[in-house]
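Chemist: could you work out the structure for the sequence below:
(2 chains)
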Amino acid sequence: EDQVTQSPEALRLQEGESSSLNCSYTVSGLRGLFWYRQDPGKGPEFLFTLYSAGEEKEKERLKATLTKKESFLHITAPKPEDSATYLCAAYGGSQGNLIFGKGTKLSVKP
Amino acid sequence: EPEVTQTPSHQVTQMGQEVILRCVPISNHLYFYWYRQILGQKVEFLVSFYNNEISEKSEIFDDQFSVERPDGSNFTLKIRSTKLEDSAMYFCASSWDRGNEQFFGPGTRLTVL
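Modeler: A predicted model of the protein is given here:
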């Protein structure tokens, strides 16, 4: 069964304390790996798309990487405004549409 | 910057009633989607729509659900006879092509009493 698993479920960081979020996937025929940010009560906000193993994308304090089994979202020197739930989604599999993980809830304290 | 819009932001209905959730996708996008997120759970795919017909649907999208693009801008999700378990956030999304990034709307919170 196609599946996306994110860890940890929750992560508390001090401002400036870098860390990484993990997304492991078992999806047949992966055609893309997407990262989204979701604030409480809002829709997912697109961050990155990765299409092939070894690919990396960066945006401000965030960098996303992809291997054949997992993706990482690295957060460098986070600020309180980076607090949100980060969602990973795989495109492909038996349905050919986005399969989401449960997300990692990130809290960054000043 | 273009964005996906949804109305209403919150809909309260009685069990058994019909509801229609509305979306305006980004204007030059060709693929449209509905997802739902039950409180505290994953975002789940419901249906995708292209060229005025359903291209894919999940097991959740049963005969109680239907989608329509009644004009050149709106995309709607109808639930014919709501159940308590239909209570969730419903997100509309659109993309230029399959496999491209999907852009999500702010969601409609549906509460079934």
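
Chemist: now the strands for the chain?
Modeler: Because you didn't say which chain, this covers chain A. For chain A, the strands defined by DSSP state E cover A:3-7, A:10-14, A:19-26, A:32-38, A:45-50, A:56-59, A:62-66, A:70-75, A:84-92, A:97-100, A:104-109.

Chemist: switch to chain B, that's the one I care about
Modeler: Under DSSP E, chain B gives strands at B:5-7, B:10-13, B:19-24, B:31-37, B:43-50, B:53-57, B:65-68, B:75-79, B:88-95, B:103-104, B:108-112.

Chemist: make CSV out of those strands and add distance to chain A and mean neighbour count.
Modeler: In this view, the C-beta of every residue, glycine as well, is placed from N, C-alpha and C. Shown next, in CSV, are the strands of chain B (distance: least, CB to the nearest CB, whole Å; neighbours: other CB atoms under 10 Å in any protein chain shown):
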stretch, distance to chain A, mean neighbour count
strand B:5-7, 8, 16
strand B:10-13, 10, 14
strand B:19-24, 11, 19
strand B:31-37, 7, 24
strand B:43-50, 4, 21
strand B:53-57, 6, 14
strand B:65-68, 14, 16
strand B:75-79, 14, 19
strand B:88-95, 5, 24
strand B:103-104, 4, 23
strand B:108-112, 8, 18
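
Chemist: would you turn those strands into JSON lines with mean pLDDT?
Modeler: Shown next, in JSON lines, are those (pLDDT from 0 to 100):
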{"stretch": "strand B:5-7", "mean pLDDT": "97"}
{"stretch": "strand B:10-13", "mean pLDDT": "98"}
{"stretch": "strand B:19-24", "mean pLDDT": "98"}
{"stretch": "strand B:31-37", "mean pLDDT": "96"}
{"stretch": "strand B:43-50", "mean pLDDT": "95"}
{"stretch": "strand B:53-57", "mean pLDDT": "93"}
{"stretch": "strand B:65-68", "mean pLDDT": "97"}
{"stretch": "strand B:75-79", "mean pLDDT": "98"}
{"stretch": "strand B:88-95", "mean pLDDT": "97"}
{"stretch": "strand B:103-104", "mean pLDDT": "96"}
{"stretch": "strand B:108-112", "mean pLDDT": "98"}
